[in-house]
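Novice: Show me how the following folds:
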Amino acid sequence: MPFSFFNPWLLLGALALAAPLWLHLRRRQEKNILRFSALRFLDDEPQPRQSPLRLRNLLLFLLRALALLLVVSAFAWPFLRNKDTMPIEQSRVYVFDNTLSHQAADRFKHDRDSLLSEINKAGPNVQLAIVELASSPRVLVAFSDSRETARERVNSLQPSFERGSYLAAFRTANALLAKSFGVKKRIIFLGDNQRNQWEENTSSPPFLRAVQVDLPKPLGTSLPNLSLSDPRVQRVFLGDKSLVNFTAKLTHTGPATSANIALRANGQVIFNRSLELDKESETILLQGQWEAEPASWLRGLVSVEGAPDALPADNQLFFSLAPVVEGRVAVLAQSPYLRLALSPEIMRGQWASHIIEPSRIGDELSANNDADVLCLESNFLQSGDARKLLWRYLSNGRGVVLFVNRVTPAITGFLRELGFETEPPLDPASKTAEKFQFVLSNHPIFHPFLSPDYGNLLDIKVYPHARLHSAQALPLIFSDHGEELFFQSTKSQGRLFVMAFGLDREQTSWPVHQTFIPFLDLTLQTARAEDPTPLAFEPAQATVLQLSALAAAREVALRSDQRELGRFPVEQGRVRLQLPANPGLYDLTVDDNSKPEKVFSVNPSSKESELAFETAPAALQTWQLNTRESARTTALNPVKLSMTAILQQHVWWWMLVAGLACLLLETAIAQGTRLKSPA
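Specialist: Now for the predicted structure:
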């Protein structure tokens with residue numbers, strides 16, 4: 001079995017063996033000599049001028065020499081050349097895709113079995129590591145782990161519903177390879193090559209140097225799929241009824257001709273029907289409406305079934321809706337229609353109105369007891385107190401709905417402060433009634449009106465009105481003559497909605513239209529400062545929550561079906577929370593209270609349902625450096641090959657330890673000999 005040294009020139013240090021030899025052969029110095037004057041009566045006895053050249057303590061000499069030889073040999077870095085210590089020829093990092101899309105066509109199980117087979121076939125000259133690609137990449141198996149450990153961890157892998165970054169996973173794999181011993185470095189990707197994943201990071205700078213990347217062969221450019229995404233839930237009131245509006249997107253790709261849609265909420269089946277897909281577009285907007293109790297949390301689930309469907313795991317969609325908390329609205333308006341719409345008979349349980357009399361605006365200003373939303377007509381803005389009241393609402397983050405029923409020079413100046421410019425009115429003789437022509441349906445106020453149950457907004461007529469324009473506001477309604485009629489300002493801290501007409505019959509037909517009460521309710525809800533706490537999350541998503549209920553709380557608990565999943569400490573009214581990895585509905589409770597403070601819905605990312613694949617991703621070419629130049633540099637550097645072999649052995653370490661042990665033994669023997677010698 002050959003024995004070699006990596007730094008053989010350091011063996012010249014063995015010449016230091018002359019030091020212990022000199023220590024043993026040097027002349028011994030006399031000690032404890034007592035001089036006295038009677039030496040002249042003694043016979044002279046000649047003594048040699050130096051000690052005889054012989055070893056006085058052979059054991060001490062051998063220990064010192066052996067210790068020196070061991071230390072010198074250790075620094076020369078010895079290693080054994082045999083088949084068990086051959087250099088690592090290849091370092092492999094397997095990037096295993098554990099995102100939702102990898103479950104399509106049962107690819108997850110297939111690639112997991114392939115990975116186990118690769119682990120079993122790899123020889124002793126191959127290093128293995130595994131990176132799991134999930135919401136954040138993690139090292140599942142390190143180079144230092146045994147093959148048995150690797151097999152156990154791969155066997156325990158379960159498919160997830162998460163979405164991760166290809167770039168982050170490849171960077172993690174590259175960091176592992178940077179510390180590996182192999183001459184050849186490879187990243188083997190076990191995934192589905194999802195197109196939208198590769199397209200996310202095409203502009204990332206290159207970072208893969210001398211690394212070979214092996215990509216799997218996709219099953220095709222796409223797979224058939226049925227999926228649900230983008231749930232939106234909103235509560236509205238029609239008279240004494242509390243209605244829930246629900247919308248979601250159904251996406252279908254492939255030859256599926258029909259699908260069955262089922263919607264459940266709070267244990268009740270809302271609808272369960274079949275939908276024909278032959279003549280429908282690829283994305284269908286599903287809508288539903290039902291009556292629900294406003295004082296309790298709404299928990300719901302919508303599902304789809306159809307064939308062919310390569311990814312059934314994205315066929316369910318969870319949603320939740322908070323209970324209604326009655327808001328307060330202050331009304332500074334004379335319109336009888338507005339006052340009637342906000343009366344307790346119509347808005348009880350939803351809005352409590354407070355009528356501000358024109359003569360008591362100053363008292364309202366000094367009382368400093370603002371409501372959630374202020375509704376006022378522009379003719380009151382001629383009062384300085386009314387202007388101060390409006391500014392206070394906006395400055396404190398509260399909502400304002402302004403109806404411009406009158407325009408005067410003073411009002412025009414104040415509208416300019418709000419970011420709105422007025423134009424001269426058209427000639428009343430030539431001006432005819434206008435109708436709504438365009439409504440921003442994606443806005444929360446108007447999104448429920450996609451359902452015909454609320455009536456048709458395009459039937460509403462508007463008579464002579466203020467002509468407003470703003471570069472700092474988003475127009476939400478346009479007339480058939482192109483006039484902007486309803487705005488949401490983006491200038492102030494609070495939400496400001498401005499309507500270019502009043503609510504009297506002389507200016508519009510809206511107050512007597514069936515859409516008016518739902519519109520007013522939705523506008524007030526949108527204007528009110530919302531709870532910023534989100535209710536919808538992706539699997540395993542981390543977030544920081546700050547709730548008023550946490551001000552005096554110690555901890556929060558996350559529950560599912562009355563089963564506690566975990567507790568999280570509250571620090572200064574904030575809690576760091578990580579949502580579960582599986583889709584579903586989860587209750588957040590405070591301390592030992594069983595009543596839910598929040599109900600979170602966890603759903604997979606809609607991007608994971610896009611089963612389109614890339615065969616030659618351009619991003620990968622961008623990430624790789626000039627591999628030819630790097631390979632040439634590696635081939636001309638044979639020292640790196642020897643170093644990888646030597647670093648795996650610890651013979652030098654044992655030699656160093658043995659040398660130190662010899663020195664300790666020598667010290668102990670020398671000390672014992674000194675104690676036994678006569679004084």
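Novice: and residue 667, how many neighbours?
Specialist: Other residues near residue 667 number 12, with proximity taken as other CB atoms under 10 Å. Every C-beta, even on glycine, is put in place using the N, C-alpha and C of the backbone.
Novice: Show me where the stretch 551-679 of the chain has its strands.
Specialist: 555-560, 563-571, 574-578, 584-590, 598-602 (DSSP state E, counting those that start in this stretch).
Novice: So what sits opposite residue 489 in the bridge?
Specialist: residue 473, residue 496 (DSSP bridges).
Novice: Point to the residue nearest the middle of this protein.
Specialist: residue 541 (5.2 Å; CA atoms, centre = their mean).
Novice: Can you say which of the strands of the stretch 551-679 of the chain is nearest to residue 479?
Specialist: strand 598-602 (38.6 Å; CB to CB).
Novice: other SSEs contacting the closest one?
Specialist: If contacts are counted by 3 or more CB pairs under 8 Å, 6 or more residues apart in numbering; DSSP states H and E, strand 598-602 sits against strand 316-321, strand 536-537, strand 584-590.
Novice: Can you lay out those as CSV showing mean pLDDT and mean neighbour count?
Specialist: Formatted as CSV, the helices and strands packed on strand 598-602 follow (pLDDT from 0 to 100; neighbours: other CB atoms under 10 Å):
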stretch, mean pLDDT, mean neighbour count
strand 316-321, 95, 22
strand 536-537, 94, 18
strand 584-590, 94, 21
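Novice: circling back to that earlier point, what are the phi and psi angles of the closest residue to the residue nearest to the centre of the chain other than its chain neighbours?
Specialist: Of all residues not flanking residue 541 in the chain, residue 579 sits nearest, at 5.1 Å (CB to CB, 6 or more residues apart in numbering). The phi/psi pair for residue 579 (degrees, to the nearest 10) reads phi -70, psi 160.
Novice: How many residues are close by residue 579?
Specialist: 20.
Novice: close enough to count as contact, it and residue 536?
Specialist: No. Residue 579 lies out of contact with residue 536 (CB atoms under 8 Å); the separation is 10.1 Å.
Novice: what do these two both touch?
Specialist: Listed as contacting both residue 579 and residue 536 by CB atoms under 8 Å, 6 or more residues apart in numbering are 600, 602.
Novice: just to revisit the earlier point, list just the one of the helices and strands packed on strand 598-602 that sits closest to residue 345.
Specialist: Comparing the helices and strands packed on strand 598-602 under CB to CB, the one sitting nearest is strand 316-321, at 25.1 Å.
Novice: Paired strands for that closest one, with orientation please.
Specialist: Here strand 316-321 has these sheet partners by DSSP bridges: strand 298-305 (antiparallel).
Novice: so who does residue 323 touch?
Specialist: Contacts of residue 323 (CB under 8 Å, 6+ apart): 294-298.
Novice: Pull out the buried residues from stretch 485-495.
Specialist: 485-489, 492, 494-495 (16 or more other CB atoms under 10 Å).
Novice: Pull out the CA atoms of that stretch and give them to me as PDB.
Specialist: C-alpha atoms of stretch 485-495 as PDB (Å, rounded to 0.1, in the frame of the first residue of the first chain):
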ATOM      1  CA  LEU A 485     -68.000  61.600 -13.800                       C
ATOM      2  CA  PHE A 486     -66.600  59.800 -10.800                       C
ATOM      3  CA  PHE A 487     -63.000  59.800  -9.400                       C
ATOM      4  CA  GLN A 488     -60.800  58.300  -6.800                       C
ATOM      5  CA  SER A 489     -58.100  60.600  -5.700                       C
ATOM      6  CA  THR A 490     -54.500  59.300  -5.200                       C
ATOM      7  CA  LYS A 491     -53.200  62.500  -3.500                       C
ATOM      8  CA  SER A 492     -54.400  62.300   0.100                       C
ATOM      9  CA  GLN A 493     -53.700  59.800   2.900                       C
ATOM     10  CA  GLY A 494     -57.400  59.100   3.400                       C
ATOM     11  CA  ARG A 495     -59.400  57.800   0.500                       C
END
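Novice: I'd like the average pLDDT over it.
Specialist: Per-residue pLDDT over stretch 485-495 has a mean of 90.
Novice: Repeat that for stretch 151-159.
Specialist: Stretch 151-159 comes out at a mean pLDDT of 94.
Novice: Quote the end-to-end distance of that stretch.
Specialist: By CA to CA, to the nearest Å, the extent of stretch 151-159 from end to end equals 16 Å.
Novice: thinking again about what came up before, format the strands of the stretch 551-679 of the chain as CSV; extra columns: distance to residue 506.
Specialist: As requested, the strands of the stretch 551-679 of the chain are arranged in CSV below (distance: least, CB to CB, whole Å):
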stretch, distance to residue 506
strand 555-560, 55
strand 563-571, 56
strand 574-578, 52
strand 584-590, 50
strand 598-602, 46
